[in-house]
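*Asks:* Everything below, folded, please.
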Amino acid sequence: MKIKITLFAAFLFCQISVAQEEKKDSTATNELSEVKVVTGTRTERVLSSLPLPMIVITSEAIAKTGVTRLNEILNEQTGIILIPDESGFEGVQMQGLDAAYTMILIDGVPLVGRSSGVLDLSRVSVGNIERIEIVKGASSALYGSEAMGGVINVITKRLKKDMFSGNLSYRYASFNTNDANANLLWKKKKFAANLFTNFYSTDGYDLDKSTWLKNVEKYHNTTIQPKIYYDFSENLKLTVSNRFFNQKIDNKALIESEKYTGDAKENEWNSQIKLEHRWNSKLYWEYELYATNYKNDAFLNDPNNVLFDRTYYNQWLFRPELRTTWSINNDKLTAGVGLNYESLDRTYFAKDVKFNSQYVYLQYDYNPTEKLNFLAGFRYDNHSEYESQLSPKLAVNYKFNNSFSLKGSVGYGYKAPDFRQLFFDFTNPSVGYTVLGYNIAEDRLNQLDTQGQLLYRVEGISFNKPLEAESSVNFNFGTFYKKNKLRLDINAFYNSISNLIDTRVVAQKTNGQNVFSYFNISKIFTYGVEYNSTYDFTKEFSVSLGYQYLIAKDKSVIDNFEDYQYIRNDQLQTIQINKSDYFGLYNRSKHTANIKFDYNISKIKTDINLRIFYRSKYGMFDSNANQILDKYDQFVGDYFITNLSISKCITDKLILQVGANNLLDFTDPGEITNLAGRQLFARIQYNF
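*Replies:* Numbers count the residues shown, from 1 in each chain. Below is the predicted model:
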């Protein structure tokens, strides 16, 4: 570890030293800093002037990597880790917060269909993406629940001038993985259209050949995204956007050494209608209507082909929203009002449950001088199932000169109790334990008691007050520097989360098994620092470095450490541990880093892109049974992953690409199930 830290410090010192020696007449620029973004403020802003921690992934950067799914490109970003849950889906971890606290948007509207809080990001193809905007830290002041840890907004391509263009591409990779895209864009005067289609299939992969089950089973999916634009005038514009996704997965299970087979089907559609109306040079309105539906239906048949188990999931979201921006000299006042109507019918729910909420938000983008920018706002949510939420935020950016600025922000975020935490009604058929959602727990406990299934109920537990939303206070303080060939971002962050929802025992059944329900129990905190830099050694060769240091701990463990201070070691000896031995929350690494090399050989029209990623050790479970993760537990060891892609322009329109993800073929079948080993690929694309 000392060697790794020394190498990182040496590389950082070299970058700064070389930058200081650069001649002032250098014409090298970093175009990324001038990218205009919308997610952080809901208005168009230059990235370098934004007083919030934010990164942008451009379509060019995505194309160079050769990846095809959203989870793959996000996993290559500093401070973002893709964590698989028990279902196998990979969720985003940002600033040490789980996937349930990050909102995922496509063109500004949210996706639904979370399993235990995790959204399957492999549902989203990157073939028609213009850019991905990622805001880190509490964003509930604009986006409400699920944005407590941040927002990821996928923005698709759109033509801005009259023409017909597009591309066709095909990629073949290891495990018989196929990815085919067709993206067609057309614009003629007032009318424009975009049609994107994607087909993806894979045989999956198997890290342990001794078992019948694979880590990922065979599946295929199809995405179709038609979009229509019509400009009634320069001041009145209509957008109609749709997205259709369907997927089929081979479903397998091994129960008491017998093979059970079936399949799982997913279907999703999103529909957005938006009217943009610019009344005059100062007043701008947006009228938006959005609806989406996600369905999942899976079954298993026993060895005799008789139905053994079936699960289903059917979620709807309907959301009208009205937004306006009023320009006042150099300032902007943004306001919005909307309604969310949600319903979910799924396995282990007694009925089809419904949520509805109303919200309003207000934001003032204030520029008292050319150097100083304030961003202040709040959002108020009134919900049918939990207490109303007020989410304020304040951010400041001070620009010392064209090269250097400081920025800071403080914001409140919240995460509403989800359908599962309120309405779940599950009894494990083989073991016999029961998990009850908070809103139905009292009635079901009374029912179980009447039926003679309860041995006792835990004293002092009441369901009289509504389950509260999880809440957080988020602080960020950072700097932006760009001069000559160097671009640098540093951000320090702190999150304090209260009312964390977790399970606890509420009763014991006569079969000896427990009944669990959900309560506001824990307080956790995360803090750390994130560093990103890019240095252009020449016009053809650049190097990027990213690093995150993270601490994530449970405050209740620290405050009551005497309850956890003794463990039994391998020799069955009882030993005492100290507070300093407490490692923190599960599945968090203290150190993650990446280094990326981009080399363009213009003479032969070839681009070489090499990325190396590092993750330090982390713990997955409490192996010594003292209810916390400490240094004496078993850990997943630190590791490196190397990805390589080489792109060659055969002609001005034809591109050939080859590469390898996980080039050095690192795997850990027992601990890391989402690393598939070396994946070779070849891709061909035709642009027109």
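*Asks:* Which of the three states applies to Ala180?
*Replies:* Secondary structure assignment for Ala180 (DSSP: H, G, I helix; E, B strand; the rest coil): strand.
*Asks:* I'd assumed Phe196 was in contact with it.
*Replies:* No - in this structure, Ala180 is not within contact of Phe196 by CB atoms under 8 Å, at 11.7 Å. Using the backbone N, CA and C atoms, a C-beta is placed for each residue, glycine as well.
*Asks:* More neighbours: which of those two?
*Replies:* The residue with more neighbours, out of Ala180 and Phe196, is Phe196; 22 against 17, by other CB atoms under 10 Å.
*Asks:* how about the helix or strand where the more buried one lies: buried residues?
*Replies:* In this structure, Phe196 sits in strand 191-202 according to DSSP states H and E. Neighbour-count burial for strand 191-202, counted by 16 or more other CB atoms under 10 Å, picks out 192-202.
*Asks:* same deal with stretch 464-471?
*Replies:* Quick answer for stretch 464-471 (16+ other CB under 10 Å): 467-471.
*Asks:* what's the answer for stretch 290-308, then?
*Replies:* For stretch 290-308, by 16+ other CB under 10 Å, it's 290-296, 298-302, 308.
*Asks:* if we can go back for a sec, which strands or helices does the strand holding Phe196 pack on?
*Replies:* strand 177-188, strand 219-233 (3 or more CB pairs under 8 Å, 6 or more residues apart in numbering; DSSP states H and E).
*Asks:* partner strands of it, parallel or antiparallel?
*Replies:* Partner strands for strand 191-202, per DSSP bridges, with pairing direction: strand 177-188 (antiparallel), strand 219-233 (antiparallel).
*Asks:* among those, which is the most enclosed?
*Replies:* Counting by mean count of other CB atoms under 10 Å, strand 177-188 has the highest mean neighbour count of the strands paired with strand 191-202, with a mean of 18.
*Asks:* and that strand, how far from the chain's centre?
*Replies:* With CA atoms, centre = their mean, to the nearest Å as the basis, strand 177-188 stands 25 Å off its chain's centre.
*Asks:* what ranges do the helices span in the stretch 101-250 of the chain?
*Replies:* Secondary structure of the stretch 101-250 of the chain (DSSP state H, counting those that start in this stretch): helices located at 140-143.
*Asks:* before we move on, back to that, narrow the buried residues of stretch 464-471 to those in strands?
*Replies:* 470-471 (DSSP state E).
*Asks:* give me the beta-bridge partners of Phe349?
*Replies:* Phe424.
*Asks:* all helices for the protein, in order.
*Replies:* In the chain, the segments counted as helices under DSSP state H are 2-20, 59-65, 70-74, 140-143, 419-423, 438-450, 555-559.
*Asks:* List the residues that contact the residue nearest the centre of the chain.
*Replies:* Closest to where the C-alpha atoms of the chain average out (CA atoms, centre = their mean) is Val92, at 3.6 Å. Shown in contact with Val92 (CB atoms under 8 Å, 6 or more residues apart in numbering): 74, 80-83, 99, 102, 104, 121, 152.
*Asks:* 7 Å instead, please
*Replies:* 74, 80, 82, 99, 102, 152 (CB atoms under 7 Å, 6 or more residues apart in numbering).
*Asks:* same question, Asn215
*Replies:* With CB under 7 Å, 6+ apart, Asn215 has these contacts: 205-207, 673.
*Asks:* which among these gets closest to Phe561?
*Replies:* Thr673 (32.2 Å; CB to CB).
*Asks:* Now stretch 75-88: buried residues?
*Replies:* Across stretch 75-88, burial judged by 16+ other CB under 10 Å covers 75-85, 88.
*Asks:* got a list of contacts for that stretch?
*Replies:* 55, 57, 65, 71, 74, 90-95, 99, 115-116, 118, 136, 216, 530, 532, 546-548, 587, 592, 594, 611, 613, 673-674.
*Asks:* Can you name the two of the buried residues of stretch 464-471 that sit furthest apart?
*Replies:* Leu467 and Ser471 (12.6 Å).
*Asks:* Would you map the strands across the stretch 501-650 of the chain?
*Replies:* 514-536, 541-554, 566-568, 574-576, 591-601, 606-615, 639-649 (DSSP state E, counting those that start in this stretch).
*Asks:* For those strands, give me TSV that also has mean pLDDT, mean neighbour count and distance to Phe318.
*Replies:* As requested, the strands of the stretch 501-650 of the chain are exported to TSV (pLDDT from 0 to 100; neighbours: other CB atoms under 10 Å; distance: least, CB to CB, whole Å):
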stretch	mean pLDDT	mean neighbour count	distance to Phe318
strand 514-536	94	20	26
strand 541-554	97	20	36
strand 566-568	70	15	51
strand 574-576	79	9	57
strand 591-601	97	18	39
strand 606-615	98	18	40
strand 639-649	97	18	40
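*Asks:* and Leu394, which of those strands is closest to it?
*Replies:* strand 514-536 (19.2 Å).
*Asks:* any chance of the helices and strands packed on strand 191-202 in CSV, with mean pLDDT and distance to Gly336 too?
*Replies:* Converted to CSV, those look like this (pLDDT from 0 to 100; distance: least, CB to CB, whole Å):
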stretch, mean pLDDT, distance to Gly336
strand 177-188, 97, 29
strand 219-233, 97, 22
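*Asks:* wait, what's in contact with Ala100?
*Replies:* Ala100 neighbours (CB under 7 Å, 6+ apart): 117, 415.
*Asks:* so where's the chain uncertain?
*Replies:* 1-34, 85-88, 568-573 (pLDDT under 70).
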